[in-house]
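Trainee: Structure, please.
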Amino acid sequence: MNLKLSHTLFLLVAVPLFFELLFVGTLYFMLDQVEQERAREAHARDLSKHLNRVHQILLSGIAYSSSATVSGLGDTPRQIGYGDMLNQEFQVIDQLLVGRPDEIREFGRLKARLSATWGEVKHIKERWKEGGYVATREYVEKVKPGFRAISREIDDLMAAEERIEEDSPIKQRKQRELIKGILTGGVVFNIALALFLALYFNRGITRRLDALTDNIRRLGANLPLNKQLTGNDEFAEVDKAFKDMVSRLKKAKEKERAVLDNLRVVLESLPVGILLLKEDGEVEMTNPALATLLAYKEPPVKRNIRDLVYFSDTTGKGTTLRLPTSEEERPWCEAEAIARDGRTVAVELGMRLIDTHDGSRVLVILVDIRQRREIERLKQEFLSMVSHDLRTPLNSFQAFLELVADGIYGELNEAGAKKVSLLESEVERLMRLIQQLLELDRLESGTVSLSLQSHDGASLMRRAVNSVRSLAERRSISLDILETTVAVKADSDKIVQVIVNLLSNAIKFSPDGAVISLSVARHGNLATFKVTDRGRGIPANVQERIFERFKQVKATDASEKGGAGLGLAICKNIVEQHGGKIGVESQEGAGSTFWFKIPIASGGAQSSQESGS
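Mentor: Prediction:
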């Protein structure tokens with residue numbers, strides 16, 4: 001019988017309680033019987049006493065009346081007192097017999113006969129006067145059987161009550177013994193019943209608990225689970241929930257295994273070296289790419305990362321690797337990895353402290369940057385070539401064209417003058433391209449230092465507007481400045497260069513007679529500069545890309561509008577070196593708003609030089 005725990009507890013309490021109540025009811029009934037028997041004994045004793053008193057009064061009254069009659073005495077107070085005493089005893093007996101109809105009827109008959117007999121006693125005197133001794137004696141003999149019958153009846157009643165007095169203690173003793181027996185038996189029965197129920201239900205509960213415990217052990221040992229427990233009790237529900245949980249855990253484990261397998265495949269297929277380190281730097285796991293990178297036939301586990309990698313940059317040449325001590329990611333940096341044959345491999349290194357089920361671990365990623373360094377070397381050679389081998393001839397060629405245009409080598413016809421002017425424009429474009437390439441390289445290499453001071457944002461915009469005003473006037477374009485006093489912490493020349501570049505692009509792509517708006521406003525700890533034009537707009541899919549090198553909205557912009565696509569890349573680099581951000585908001589056909597944000601000056605104060613300009 002698989003009952004719910006609530007039902008089991010109810011039975012464990014209700015069944016003994018039921019028998020306990022039955023037992024208490026029985027005891028109460030037996031005690032009531034004992035009390036009734038004691039009351040019956042006391043009643044019999046009192047009734048016997050008063051009946052005996054009636055008998056004595058009757059005999060004493062008859063004897064006194066007879067002697068008083070013979071002595072010639074009349075109705076004396078004593079004779080009258082016997083009658084009163086009889087009446088008093090009758091009243092007491094009547095009270096004792098309340099609620100006992102059979103005894104009341106029997107005593108009523110006896111009382112009637114006693115009253116009649118007592119009346120006969122009163123006639124003895126009359127018989128004495130009428131017939132003397134003989135008549136009186138005859139009368140006495142006549143009423144004597146009645147007296148004897150009354151005496152016998154009284155004796156019988158007294159004997160019956162005396163028997164009750166004798167039997168009652170015996171019955172009470174037997175009842176007390178029975179109560180003791182019932183009390184002892186009830187206690188023993190209740191104890192036995194409680195033990196039986198406890199053992200019975202405990203065996204069932206223990207058996208089902210053992211099944212649940214065994215399932216837990218089987219789960220830990222990866223063994224098949226026991227069959228489903230039957231019934232609708234809590235153990236069956238727990239067993240069902242446990243098996244459902246195990247089923248879900250198996251599915252989750254299978255998914256986890258699949259994820260781990262996929263992760264293992266991904267790690268094995270990644271072209272970068274990955275190491276998992278213990279907190280002391282010991283290598284716990286690597287991927288095949290690392291072994292290939294460092295020419296190891298087997299993964300270099302059990303070795304320390306400090307024996308494999310060291311810093312060789314300008315901040316600490318030859319210094320050992322320092323592992324992260326918090327969950328923050330260490331910045332990427334260049335280092336030298338030591339291959340198995342002792343040669344060094346240039347790598348870029350990133351580290352992060354992670355939590356695993358085995359404790360804290362350090363994830364290290366090594367990227368082979370030998371090819372990148374080679375590309376940088378080639379780039380530097382190219383820039384050196386551009387700077388020296390290309391710019392010098394172009395300067396000479398530009399000077400020659402200027403001499404030709406000035407007529408040093410003779411006058412040119414109209415066609416020749418146009419050709420020379422076109423050649424001068426192309427040379428200037430090439431010179432600007434070279435200058436932008438060199439400047440962008442200096443910005444990206446970090447060799448350009450910024451002179452950060454407090455400047456008024458509106459003043460910087462006015463300087464930029466003055467630089468492009470002639471270009472705007474050629475096309476009747478208005479430059480509208482919405483001035484707001486905001487002090488920024490910036491390199492004024494670099495920020496003016498950014499604004500000039502954004503204005504030049506806005507003028508280049510705006511229709512003639514358009515209006516270009518400039519504004520600066522404070523937003524928290526940043527100042528936001530905006531340049532808004534009414535040009536053709538920029539499609540959403542190229543808005544991020546135009547800040548990259550050599551990227552333009554349309555492929556024909558370089559030939560139609562001029563420029564090499566380096567201006568916005570330079571702007572982005574300058575803004576980011578100021579700790580800011582640059583972007584664009586545009587809708588195709590509705591113009592564009594280029595914006596950049598840089599930090600405000602401490603206290604929001606502007607420099608005295610700028611405020612006075």
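Trainee: List the buried residues for stretch 352-367?
Mentor: Of all the residues in stretch 352-367, those buried under the rule 16 or more other Cβ atoms under 10 Å are 353, 361, 362, 363, 364, 365, 366, 367. All C-beta spots, glycine's among them, are computed from the backbone N, C-alpha and C.
Trainee: where does the last one fall, helix, sheet strand or coil?
Mentor: Read it as residue 367. strand (DSSP: H, G, I helix; E, B strand; the rest coil).
Trainee: got it, and the fourth one?
Mentor: Following three-state DSSP, the label given to residue 363 is strand.
Trainee: Can you tell me how far it is from residue 285?
Mentor: Taking Cβ to Cβ, to the nearest Å as the measure, residue 363 falls 10 Å from residue 285.
Trainee: Give me the common contacts of those two.
Mentor: Common contact partners of residue 363 and residue 285 (Cβ atoms under 8 Å, 6 or more residues apart in numbering): 275, 276.
Trainee: Please report the number of neighbouring residues for residue 571.
Mentor: 23 (other Cβ atoms under 10 Å).
Trainee: ok, now which ones touch it?
Mentor: Counting by Cβ under 8 Å, 6+ apart, the residues that residue 571 touches are 497, 498, 501, 502, 547, 582, 596.
Trainee: go with 10 Å
Mentor: Shown in contact with residue 571 (Cβ atoms under 10 Å, 6 or more residues apart in numbering): 494-495, 497-502, 505, 547, 582, 594, 596.
Trainee: Can you tell me which of those residues lies closest to residue 568?
Mentor: residue 547 (4.9 Å; Cβ to Cβ).
Trainee: pLDDT weak spots in the stretch 51-200 of the chain?
Mentor: Applying pLDDT under 70 to the stretch 51-200 of the chain picks out residues 61-83, 117-144, 146-147.
Trainee: List the contacts of residue 478.
Mentor: Residue 478 sits in contact with 472, 513, 514, 515, 516, 517, where contact means Cβ under 10 Å, 6+ apart.
Trainee: all helices of the stretch 301-450 of the chain, in order?
Mentor: Along the stretch 301-450 of the chain, counting by DSSP state H, counting those that start in this stretch, helices occupy 370-384, 391-405, 414-445.
Trainee: just checking, what packs against the longest strand out of those in the chain?
Mentor: Criterion DSSP state E: the longest strand present in the chain is strand 344-356. Contacts defined by 3 or more Cβ pairs under 10 Å, 6 or more residues apart in numbering; DSSP states H and E place strand 344-356 against strand 273-277, helix 288-293, strand 309-310, strand 330-338, strand 359-368, helix 370-384.
Trainee: Can I get the fifth one in CSV, CA atoms only?
Mentor: As requested, C-alpha coordinates have been extracted for strand 359-368 and formatted as CSV (Å, rounded to 0.1, in the frame of the first residue of the first chain):
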residue,chain,number,x,y,z
GLY,A,359,39.3,26.4,-10.6
SER,A,360,40.8,29.6,-12.2
ARG,A,361,42.7,29.2,-15.4
VAL,A,362,44.5,31.6,-17.8
LEU,A,363,43.5,31.5,-21.5
VAL,A,364,46.4,32.6,-23.7
ILE,A,365,46.2,33.2,-27.4
LEU,A,366,49.4,33.5,-29.5
VAL,A,367,49.1,34.9,-33.0
ASP,A,368,51.9,34.5,-35.5
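Trainee: Return the distance of the helix or strand containing residue 25 from the chain's centre.
Mentor: Secondary structure assignment for residue 25, by DSSP states H and E: helix 5-70. Taking Cα atoms, centre = their mean, to the nearest Å, one finds the center of helix 5-70 at 70 Å from the center of the full chain.
Trainee: now the end-to-end length of stretch 352-371.
Mentor: Length of stretch 352-371, first residue to last, Cα to Cα, to the nearest Å: 25 Å.
Trainee: what's the first-to-last distance across stretch 530-542?
Mentor: 19 Å.
Trainee: Name the residues of that stretch that are buried.
Mentor: Quick answer for stretch 530-542 (16+ other Cβ under 10 Å): 530, 531, 532, 533, 534, 535, 536, 537, 538.
Trainee: Looking at it now, give me its mean pLDDT.
Mentor: When pLDDT is averaged along stretch 530-542, the result is 83.
Trainee: which helices and strands sit right next to whichever strand or helix holds residue 167?
Mentor: Per DSSP H and E: residue 167 is located in helix 124-220. In terms of contacts (3+ Cβ pairs under 10 Å, 6+ apart), helix 124-220 is packed against helix 5-70, helix 101-122, helix 234-269.
Trainee: Tell me the gap between the second one and the middle of its chain.
Mentor: Think helix 101-122. 94 Å.
Trainee: could you give the angle of it to helix 124-220?
Mentor: On the basis of axes from the mean of the first three to the mean of the last three Cα atoms, to 10 degrees, helix 101-122 is oriented at 170 degrees to helix 124-220.
Trainee: helices or strands next to helix 101-122 in the packing?
Mentor: helix 5-70, helix 77-96, helix 124-220.
Trainee: Looking at those helices, which is nearest to residue 452?
Mentor: So among those, helix 124-220 is nearest, using Cβ to Cβ, at 63.6 Å.
Trainee: I'd assumed residue 455 was in a helix, is it?
Mentor: No - counting by three-state DSSP, residue 455 falls outside a helix, being strand.
Trainee: Relative to residue 521, how far out is it?
Mentor: From residue 455 to residue 521 the distance is 16 Å (Cβ to Cβ).
Trainee: Compare those two (neighbour count), which wins?
Mentor: Between residue 455 and residue 521, residue 455 has the larger neighbour count (other Cβ under 10 Å), namely 25 against 13.
Trainee: Using the record's domain definitions, break this structure down for me.
Mentor: Per automatic domain parsing, the domain ranges recorded for the chain read 5-198, 227-269, 270-368, 374-443, 450-611.
Trainee: Nearest to residue 215, out of the ones you listed?
Mentor: The nearest among the domains of the chain, by Cβ to Cβ, is domain 227-269 at 6.2 Å.
Trainee: Spit out the contact partners of the closest residue to residue 172 other than its chain neighbours.
Mentor: Spatially, and ignoring its direct neighbours in sequence, residue 172 is nearest to residue 37 (5.1 Å; Cβ to Cβ, 6 or more residues apart in numbering). By Cβ under 10 Å, 6+ apart, the contact list for residue 37 reads 164, 167, 168, 169, 170, 171, 172, 173, 174, 175.
Trainee: Kind regards, and thank you for your time.
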